[in-house]
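# Please work out how this folds:
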Amino acid sequence: MPHLFSVEGIEGSGKGTQLRLIEAYLQSIGVPMIVAREPGGTVYGELIRNVLKYPWLTIPAVQEAMSSHNDSTGSRPLIDGQEIGGRTPECEMFLFLASRAEFFNEVVWPALNSGKHVFADRLHDSTRAYQGGGRFEGDPVMRKFINFANMVAMLGGLRPIATFFIDISVKTSRRRIGLDSPDKIAVFEKEHDEFFERVRREYLLIAEEEPNRVIVINGERSPEEVFEDIKGRLQPMLLG
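So this is what the prediction gives:
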């Protein structure tokens, strides 16, 4: 029976590396699977991803592409007085949820129905951690809402059979993504430490709430050691 898995972690945790190692390993032993990123993986999902990550590139490009359309703002700014990239935490949250609904409809369910395991590079826990813990600072009302909204976006609340949370300290995150170098700029540079401490705490809270699903992996070790840990946890689920 095919299963849904997810891999989570704050910036610099190495989850991308681990997903590549997981993919190579499972393909080498003939296990049918796909790796897909979220947000992303669909037409609307990739557009939303670009708007979220690179608004200063995406928004002007969309405006330019639509400049001759009668529904366009023309050469004027998209909205007078608003800064490109400025958005409320609520807007950010709903964009992630919209992408997730498309992801489940277009990627997750078709893959599972075709007999393939799905490994998601981020999933619903990211919204709970980054928006619920980070943006809304652990507000219990927003936490409850995000849990419910995630269930709706996941088209019936299908959850991963296992989520690997690769845990690293914020200090390690800062070092790995280069914030200690003056020539590097991160999305959350001004608030990096405080923001990511909240995000990490929220991830660990989720792990406490769902210990049978969320597997906390020590990400402070070498990629090879981390992978051996993950592989050891995966084998009974896929090969046992």
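
# For residue 34, which three-state class applies?
strand (DSSP: H, G, I helix; E, B strand; the rest coil).

# so who does it touch?
Shown in contact with residue 34 (CB atoms under 8 Å, 6 or more residues apart in numbering): 107, 111, 116, 117, 118, 119. Backbone N, C-alpha and C define where each C-beta goes, glycine included.

# make it 10 Å
2, 23, 41, 107-108, 110-112, 114, 116-120 (CB atoms under 10 Å, 6 or more residues apart in numbering).

# Same check on residue 193?
Counting by CB under 10 Å, 6+ apart, residue 193 makes contact with 170, 171, 173, 174, 179.

# 8 Å instead, please
So residue 193 contacts 170, 174 (CB under 8 Å, 6+ apart).

# Same question for residue 216.
By CB under 8 Å, 6+ apart, residue 216 lies in contact with 165, 167, 204, 207.

# Could you pick out the buried ones from the contacts of residue 34?
For those, a burial check counting by 16 or more other CB atoms under 10 Å picks out 2, 41, 107, 108, 111, 112, 117, 118, 119, 120.

# any low-confidence regions in the chain?
In the predicted model, the chain carries pLDDT under 70 at residues 71-83, 85, 179-191.

# Let me see the ranges of the strands in it.
4-8, 33-37, 117-121, 162-167, 214-218 (DSSP state E).

# JSON lines for those strands, including distance to residue 18?
Formatted as JSON lines, the strands of the chain follow (distance: least, CB to CB, whole Å):
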{"stretch": "strand 4-8", "distance to residue 18": "6"}
{"stretch": "strand 33-37", "distance to residue 18": "10"}
{"stretch": "strand 117-121", "distance to residue 18": "10"}
{"stretch": "strand 162-167", "distance to residue 18": "6"}
{"stretch": "strand 214-218", "distance to residue 18": "8"}
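
# out of everything not next to it in sequence, what's closest to the residue nearest to the spatial centre of the chain?
Nearest to the mean C-alpha position of the chain, counting by CA atoms, centre = their mean, stands residue 122 at 3.2 Å. Of all residues not flanking residue 122 in the chain, residue 38 sits nearest, at 5.0 Å (CB to CB, 6 or more residues apart in numbering).

# What of residue 99?
In space, residue 99 is closest to residue 39, 3.7 Å off (CB to CB, 6+ apart).

# Correct me if wrong: the one you found contacts residue 107.
No: using CB atoms under 8 Å, residue 39 makes no contact with residue 107, being 11.2 Å away.

# From the centre of the chain, give me the residue that's furthest out.
residue 70 (35.9 Å).

# Would you quantify the distance from that residue to residue 58?
22 Å (CB to CB, to the nearest Å).

# Over to residue 25?
Relative to residue 58, residue 25 is positioned 35 Å away (CB to CB).

# and if you look at residue 218?
According to CB to CB, residue 218 and residue 58 sit 36 Å apart.
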